[in-house]
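> Need coordinates for the below:
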Amino acid sequence: DSCTGFCVIWETANASSPGSFEAWKNDYVPYFIENFFKDPRHIVIDNKPVLCVFGANKIAERLGGGNAKVKECFDYLEEEVKKIGFDGMIYLVCGSSSQAAADMGFDGCYAYNWGNNGYQLNVNTNSILASAKQGSVYTVPTISVGFNSIPWHGERFPMMSKADYAAAQKWVKEEYFPNYPKEKWQENFVMLSTWNEYGEGTYIMPAEKLNGFGYLDTIRKVFTDDDTAHNDVIPNETQLARITKNYPQHVRLLRRLDSEKNDPEETLFPLETVTFDEPLAFRVAGASGVSFDGAVSGVSQLNASYLT
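Numbers count the residues shown, from 1 in each chain. Got it, this is the predicted structure:
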């Protein structure tokens, strides 16, 4: 979409990063420039492309040579983008401000979220201020709606209320912006965490059973001059059918019975019933109460294999 800009978040904690300066120079830098920084949609501030990094410590580990080696790589990329008309780079590390981030050459930091308690207003403001006061790099204020990490921890955590979300954005605009930005690129720069990270339970994208368009309406009210009445557009039935084609709604329930109470609006049903017309044709690993009279009962793990 030509109306939507984007910015690369380089995920180095679990994904690729260079093992040498030569690899950075010959492989990574050309890739970043050709595929991202030359794209007119990529976010540029003060004629400097923005590059965000998640897991920056892994770059130093894989490169060897410590944080100074990361800075050497970043300095090289900065000179390369100047050759195509930019004035340099803006490097942002995911995490709080630290001397290590400064030593690696980062200009600022931001948060992906503020943890399971990040739905609380004071957790957002206190975390931002603690990072800002550390001061080694600039802290881009990040407003997180929470971190509902039920897939990892088996416990559901709340999402921020619309009232607290409005208060958080107002705090950034009226208290943080007037006092902390020191350079032009830092002015009016806020991170909104995140658009649609459903897997990690942190999203501001409209959600039917949560806050609807409430988060987006708050952003519009706080940061724009347009607070007029408007109609939020939602998909019609035809569009919904297309969007959910690969996600059949009758199998959307993805939680175990013993870890959480069921939504009263939902009805559980078996996804599939397996029977064996030829007894002993299958071995079922991890099953209890297996009978070989044409049916399997009490299966605790669905891990079946053919006997050959």
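> Quick one: low-confidence residue ranges for this protein.
For the chain, applying pLDDT under 70 flags the ranges 1-3, 249-308.
> Helices of that one, residue ranges please.
21-23, 29-32, 56-63, 67-82, 99-104, 121-134, 150-153, 162-171, 214-223, 237-243 (DSSP state H).
> JSON lines please, covering those and showing mean neighbour count.
Heads up, the C-betas are built off the backbone N, CA and C, glycines and all. What follows is the helices of the chain, written out as JSON lines (neighbours: other CB atoms under 10 Å):
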{"stretch": "helix 21-23", "mean neighbour count": "13"}
{"stretch": "helix 29-32", "mean neighbour count": "15"}
{"stretch": "helix 56-63", "mean neighbour count": "19"}
{"stretch": "helix 67-82", "mean neighbour count": "18"}
{"stretch": "helix 99-104", "mean neighbour count": "19"}
{"stretch": "helix 121-134", "mean neighbour count": "18"}
{"stretch": "helix 150-153", "mean neighbour count": "12"}
{"stretch": "helix 162-171", "mean neighbour count": "19"}
{"stretch": "helix 214-223", "mean neighbour count": "18"}
{"stretch": "helix 237-243", "mean neighbour count": "10"}
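> ok, the residue nearest the centre of the chain - contacts?
By CA atoms, centre = their mean, the chain has its centre lying nearest to Glu197, at 5.1 Å. Neighbouring residues of Glu197 by CB atoms under 8 Å, 6 or more residues apart in numbering: Tyr203.
> Compile the helices of the chain into TSV and extend it with columns for distance to His230.
As requested, those are exported to TSV (distance: least, CB to CB, whole Å):
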stretch	distance to His230
helix 21-23	50
helix 29-32	38
helix 56-63	40
helix 67-82	39
helix 99-104	40
helix 121-134	26
helix 150-153	33
helix 162-171	16
helix 214-223	8
helix 237-243	20
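> just so I know, which of those lies nearest Val44?
Closest to Val44 of the helices of the chain is helix 67-82 (CB to CB; 9.9 Å).
> And that closest one, what does it pack against?
When contacts are defined as 3 or more CB pairs under 8 Å, 6 or more residues apart in numbering; DSSP states H and E, helix 67-82 sits against helix 21-23, helix 29-32, strand 48-54, helix 56-63, helix 99-104.
> could I get these as CSV with distance to Thr224?
Formatted as CSV, those follow (distance: least, CB to CB, whole Å):
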stretch, distance to Thr224
helix 21-23, 44
helix 29-32, 32
strand 48-54, 22
helix 56-63, 33
helix 99-104, 32
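> nearest to Val123, of the ones you listed?
strand 48-54 (20.3 Å).
> For the closest one, buried residues please.
Residues of strand 48-54 classed as buried: Lys48, Pro49, Val50, Leu51, Cys52, Val53, Phe54 (neighbour count, 16 or more other CB atoms under 10 Å).
> Pick out whichever of these sits closest to Asn113.
Proximity of the buried residues of strand 48-54 to Asn113 (CB to CB) peaks at Phe54, which lies at 11.8 Å.
> Need the nearest residue in space to Asp87, chain neighbours excluded.
Nearest non-adjacent residue to Asp87, counting by CB to CB, 6 or more residues apart in numbering: Asn47, 4.4 Å away.
> Identify the residues contacting the one you found.
Gly85, Phe86, Asp87.
> which of these are buried?
Using 16+ other CB under 10 Å, the buried ones in these are Phe86.
> okay, the contacts of Asn47 in a markdown table with distance to Phe147 next?
Shown next, in a markdown table, are the contacts of Asn47 (distance: CB to CB, whole Å):
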| residue | distance to Phe147 |
| --- | --- |
| Gly85 | 39 |
| Phe86 | 34 |
| Asp87 | 36 |
